[in-house]
Each structure stands twice: as C-alpha cells, then as structure tokens.
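Asker: mind folding the following:
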Amino acid sequence: MTTQLTNEQMKVLDQLVQERYKASSATTGIAPTGNNALFNTPGLNPLVPTTYVPPKGVEQFLERNGHVKSSTYMQEVYGIITGQTADSGSDPTTPCSDEAATPGSLKFCQQVWPFGEFTMNSKSIRMDNLGELVNSASPIDLQLMNNPFATEVATQTVPMQVNEIFRSAIAKEMVELANGFSRRYARQIWTGNPANTVGNSGGTLQFNGLQRMVNTGYRDAISGTTCSAADSLVMDANNIIIQNNAGTVVRNFVEAYRSRLKLADDIQFGDVQYAWVMRYQLFLALTDIWPCAYLTYRCYTAAPSGSSATGFVDTSAQATLRDEMRRGMFLLIDGIQVPVIIDNTLDEASNGNGNFISDAYLLPLAGGGMGQLLYMEYFNYRNQYGLGGQLAGAFAGQNFKVSSDGRFVTVMLAPNGFCQQIQMRTRKRVILRTPFLAARIDNLQYNVYVHEREWQPGTSFFENGGNTSFVGQQFQSPIA
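Answerer: Model (predicted):
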C-alpha cells in the first residue's frame, strides 16, 4: 500500500532534502589514530582518565528517573480549573419563596508550551582516512577510566562503545557532537524563552525554561485572561548573605515548602514528591547554617531577668544533622527529608569578595492522580507519519537516521569530496503541569571559599588545557 504524504509532511521532507544536499565542510576534525591524531603516542598507558566536567542538574535527573515523554502534538493545550466565581443572589426569607442564591461558575485556564528545536553539525570526517594507524606501535588498546561524556545521546544515533572514541573517527566526532549539543543548550532548561528566537523559522527555537514556568503572571493561552490561581510562589531574598542571616533564610525555605504542601492538601491533590534544586555552593552554605537555625527555630530559654533569650542546642547534634543532610542530599523540614538536586546549569552571579548569588527552586516532580508533574517531552520522529516512519517507505535508503527512542535525527550532509559531515537535530520542551505547586526563592547570596570547576568554556572556573592533536614521531625520506 502506498502512503500518501500531506502537504505539511512534504514541506518538512523538502527541507530535510535541501539540507541533505548542502555540502559538508572541507575542514575536517582531528582523527583519534593516524598521523597528527589525538591518540598516536607510542607507549601511551592504556588507562585514560578525563577531567571533562559536563553540565548536570535537573534535566539529567529527569532523564535518569524516567521523566521523559514523547509527543507529536506541536501545540498541545494543558488546562487547569482555577476555581469558581462568587455566588450571587440572596437567601430566601420565607419557606415557600422561590428566590434563592445561585452558585458561581467554574473557571478554566489553558497553557500552551511549544517545542524548542536545536541543531548542530559535527566537524567533517575524512572518510578515506578511517582506520589509519601510524605503525604497529600505535596505541589502540586505550580504555576510558571514567565517563562524564554525553555518550548516551551519541549512541542513540550511532551504536557504539565509549572506548571506540580512541579508535573510530566517527565515534569520536559523535561524542564531540553530543558533548557540544549538551553544553550549548544546557541552560535552556532554565533560561529558555521563545521570544529570543521569535524571528527564526526553525533550526534553533527556544522553549520556555523553568525561570518562566515557575513564575507569577499566568494567563490563559487562548483569551489572555489572567489566572493568578495558576501562579507559583515567588519569594525574593534580596541578596541577604545566608551565613549572616541563618534564621531568615531557613524560615523562607521552611515557609515556602509548607505553603506548597498546604496548598496540595487544600485542593486534595494527594501526596506530592518534591525536590529543591540549587547550586552546589548554595547547598553547602545552607547546610552550614541549617542545623543551628532549624534546631533553635523559635525555641528559646529566657534569662531570669527577661532581658535576653538564648537558644540552646547540642553542637554535636548540629554537626550530625549537617553531615547527614550532605551525605543524603536533603534539607530537613518538619521532620521530612526534602531531596536536593544540585544543578550546575543554574545562573550564578559573582558579587565580589567571594560572594555569589543564585536562586533556589522547589519543584513538584510527581504526585496525585497525574503521575509525573515535571518532565521533558521530545517530538517523536518515529511516529507513524514522521521521518522515522517514512524512512521505511518512500525515503528508504536516504542518509537520515532516527534514534531508537525517536528523540534525535541525524542526516549525512552531501560529501565534499571524501569529507562527510553529520547534522543532528532534536525538538524538546519542559512540561510543568502544576506550576501552582512550585516555588522559587530569588537572590540568595552566599560566601564561597573554594569554588568548584565549571563546565562552560569561557567562565571564571572553567579549566582546560592539553592539545587537540599530536604530531608524533617524524620520519625522514630515505632518499635525499
């Protein structure tokens, strides 16, 4: 049976075909083996560690814990019943009166969260050079000791083992492409805003990040009517230094958590799985002051004169609680261990003199009858009428490849001689079904003594070094 393509599908395929015939770059990447390669040093010890720091945070947490879905709906509408209007009329004054008050009307608020779209090219691969070795001393038995690379993304499109980066130019380029993909768009989970790419027709489109979703000012996507009942709780710490304002800071975190827990109970939503998300140094600063403030919070023994009050607490208990929270990655609130997710893609600003400023988010992960409340959603390229589905029919044999889970698509650009380039694309968005159960605390300031390394090139705490290739042993012509 012949499948009939719609006009919209033909437009998408025409665009892909046009990209297919764009010539690959003539500038090739560095091969792992062979002359002028990266791993061509004779006698190189086979065990190779890496100091590569990846972006890591709530997006990777959602990935690890299965908070990932696929969809083919470009403009899916999500609704929230936001309440009911006030009653009208008066109560009856006689037993036979037909006059009585009438109830108000239910109210409904709708949101639409469009996909973002992200595209990157690999460096060109010189296909006829694949498999080159300098000589029998070339190290081809190298093994990676640790693996912080974005190999999961890479292997979804090119099945491989991570150690193939030491021997296969294609594997190396795909890992570099996946790392670049991960780093280039990592902050979108927080800072994404479709307004930043409003002039683009595709290729690069931003989705709405959590800074926009955990927010106030919600409105209906169809009518534009305000929907304050859908708003998140947003608090401003006004740059107070955590270590100097322990009681205030702990109270803000405790009250934010209590308010969302109480709201979930009031609307009979059921148990909600929450997590705080913050920068590493912010968590260290909080756990420094949390035990003392938490254990003495509004619990004082007044002096006989009544002129002063002192909070008494066992210092060993403070140290124990601090260490337990750091080992278990949680904050203790009302006897509940609220998980903490460390996110190095959250914005952090330096305020000088070792002080830094960032925000903390309280995110509802799952609960109620809805299951997952926060998740990443990808466009499914493997849907029946999508690219993956069509590759088995009219476009069989084309140089497109869809990952097994349908989230990524690659295309081999037209060769430039023997040079071949790979383009990768995905469409994704973050979905938060219950923004009213989320909270954030802005502008928390904290002292940092030794800052951790950063993943983003060009930032203050990014560390790099080494070479992208090695010339290796030089040989002279046997004939002068």
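Asker: drop to CA atoms for contacts and neighbour counts, all remaining ones
Answerer: Fine.
Asker: quickly list what the residue lying closest to residue 225 once chain neighbours are set aside is bridged to.
Answerer: Here the nearest residue to residue 225 in space, its sequence neighbours aside, is residue 219; by CA to CA, 6 or more residues apart in numbering that works out to 5.2 Å. Listed beta-bridge partners, residue 219: residue 226 (assigned using DSSP bridges).
Asker: contacting residues for residue 470?
Answerer: When the contact criterion is CA atoms under 8 Å, 6 or more residues apart in numbering, the partners of residue 470 are 36-41.
Asker: next up, the contacts around residue 202.
Answerer: Taking CA under 8 Å, 6+ apart, we find residue 202 in contact with residue 117.
Asker: phi, psi for it please.
Answerer: Backbone geometry at residue 202, expressed as degrees, to the nearest 10, gives phi 160, psi -180.
Asker: please apply the same query to residue 255.
Answerer: Its backbone dihedrals place residue 255 at phi -70, psi -40, with angles given as degrees, to the nearest 10.
Asker: quick one: it from residue 464, how far?
Answerer: Separation of residue 255 from residue 464 (CA to CA, to the nearest Å) stands at 42 Å.
Asker: and residue 246, by the same measure?
Answerer: Distance check for residue 246 against residue 464: by CA to CA, it reads 37 Å.
Asker: which of those two has more neighbours?
Answerer: residue 246 (21 against 12; other CA atoms under 10 Å).
Asker: dump the residue contacts of the nearest residue to residue 169 once chain neighbours are set aside.
Answerer: The shortest distance from residue 169 to any residue other than its chain neighbours is 5.1 Å, reached at residue 31 (CA to CA, 6+ apart). With contact taken as CA under 8 Å, 6+ apart, residue 31 is in contact with 37-38, 168-169, 172.
Asker: pLDDT and distance to residue 188 added to those residues, as TSV?
Answerer: Shown next, in TSV, are those (pLDDT from 0 to 100; distance: CA to CA, whole Å):
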residue	pLDDT	distance to residue 188
37	91	34
38	92	32
168	91	31
169	91	30
172	92	25
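Asker: next step: the residues you listed restricted to helices.
Answerer: Here DSSP state H is the test, and these give 169, 172 as lying in helices.
Asker: highest neighbour count among the contacts of residue 31?
Answerer: The residue in the contacts of residue 31 with the most neighbours, by other CA under 10 Å, is residue 169 (24 neighbours).
Asker: that one and residue 39, how far apart?
Answerer: Note on residue 169: its distance to residue 39, by CA to CA, is 11 Å.
Asker: any shared contact partners between those two?
Answerer: Common neighbours of residue 169 and residue 39, using CA under 8 Å, 6+ apart, are 32-33.
Asker: for the residue nearest in space to the middle of the chain, which three-state class applies?
Answerer: Ranked by distance to the mean C-alpha position of the chain (CA atoms, centre = their mean), the top residue is residue 59 at 2.9 Å. When states are read from DSSP: H, G, I helix; E, B strand; the rest coil, the local structure at residue 59 comes out as helix.
Asker: cool, and residue 288?
Answerer: In terms of secondary structure, residue 288 is helix; the call rests on three-state DSSP.
Asker: ok, for it, nearest residue in space, not its chain neighbours?
Answerer: residue 322 (6.6 Å).
Asker: and that neighbour, what is it in contact with?
Answerer: 287-288, 290-291.
Asker: now, which of those residues sits nearest residue 339?
Answerer: Using CA to CA, residue 287 comes nearest to residue 339 of those, at 12.9 Å.
Asker: what about that closest one, neighbour count?
Answerer: Applying other CA under 10 Å, we find 24 residues neighbouring residue 287.
Asker: now it, nearest residue through space, not along the chain?
Answerer: For residue 287, ignoring the flanking residues on the chain, the nearest one in space by CA to CA, 6+ apart is residue 322 at 5.5 Å.
Asker: swap in residue 361?
Answerer: Leaving aside its sequence neighbours, residue 361 sits nearest to residue 440 (CA to CA, 6+ apart; 4.2 Å).
Asker: which residues does the helix or strand where that neighbour lies contact?
Answerer: Using DSSP states H and E, residue 440 sits in strand 439-447. With contacts defined as CA under 8 Å, 6+ apart, strand 439-447 is touched by 214-215, 232-243, 252-253, 256-257, 260, 281-282, 285, 354-363.
Asker: rerun that using 7 Å as the cut-off
Answerer: Outside strand 439-447, the residues within contact range by CA atoms under 7 Å, 6 or more residues apart in numbering are 214, 232-243, 256, 282, 285, 354-363.
Asker: emit the ChimeraX select command for whichever of those residues are buried.
Answerer: In ChimeraX, selecting the buried portion of the contacts of strand 439-447, with burial taken from 16 or more other CA atoms under 10 Å, looks like this:
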select :214,232,233,235,237,240,241,242,243,256,282,285,356,357,358,359,360,361,362,363
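Asker: in helices, which of the contacts of strand 439-447 fall?
Answerer: 256, 282, 285.
Asker: nearest to residue 191, of those?
Answerer: Of all those, the one sitting nearest residue 191 is residue 282; the distance, using CA to CA, is 19.1 Å.
Asker: just the terminal-to-terminal distance for stretch 106-125.
Answerer: One end of stretch 106-125 sits 60 Å from the other (CA to CA).
Asker: same question for that stretch, mean pLDDT?
Answerer: Computed over stretch 106-125, the mean pLDDT rounds to 94.
Asker: centre of the chain to it, how far?
Answerer: With CA atoms, centre = their mean, to the nearest Å as the basis, the distance from the averaged C-alpha position of stretch 106-125 to the chain average is 13 Å.
Asker: what of stretch 438-446?
Answerer: Between the mean C-alpha position of stretch 438-446 and that of its chain there is a distance of 18 Å (CA atoms, centre = their mean).
Asker: stretch 150-160 now?
Answerer: Relative to its chain's centre, stretch 150-160 lies at 18 Å (CA atoms, centre = their mean).
Asker: buried set for that stretch?
Answerer: Taking 16+ other CA under 10 Å as the neighbour-count basis, stretch 150-160 is seen to contain the buried residues 150-151, 153-158, 160.
Asker: can I get these in JSON lines with pLDDT, secondary structure and distance to residue 403?
Answerer: Shown next, in JSON lines, are the buried residues of stretch 150-160 (pLDDT from 0 to 100; DSSP: H, G, I helix; E, B strand; the rest coil; distance: CA to CA, whole Å):
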{"residue": "150", "pLDDT": "83", "secondary structure": "coil", "distance to residue 403": "15"}
{"residue": "151", "pLDDT": "77", "secondary structure": "helix", "distance to residue 403": "13"}
{"residue": "153", "pLDDT": "76", "secondary structure": "helix", "distance to residue 403": "9"}
{"residue": "154", "pLDDT": "74", "secondary structure": "helix", "distance to residue 403": "9"}
{"residue": "155", "pLDDT": "74", "secondary structure": "helix", "distance to residue 403": "9"}
{"residue": "156", "pLDDT": "74", "secondary structure": "helix", "distance to residue 403": "5"}
{"residue": "157", "pLDDT": "69", "secondary structure": "helix", "distance to residue 403": "5"}
{"residue": "158", "pLDDT": "73", "secondary structure": "coil", "distance to residue 403": "8"}
{"residue": "160", "pLDDT": "78", "secondary structure": "coil", "distance to residue 403": "13"}
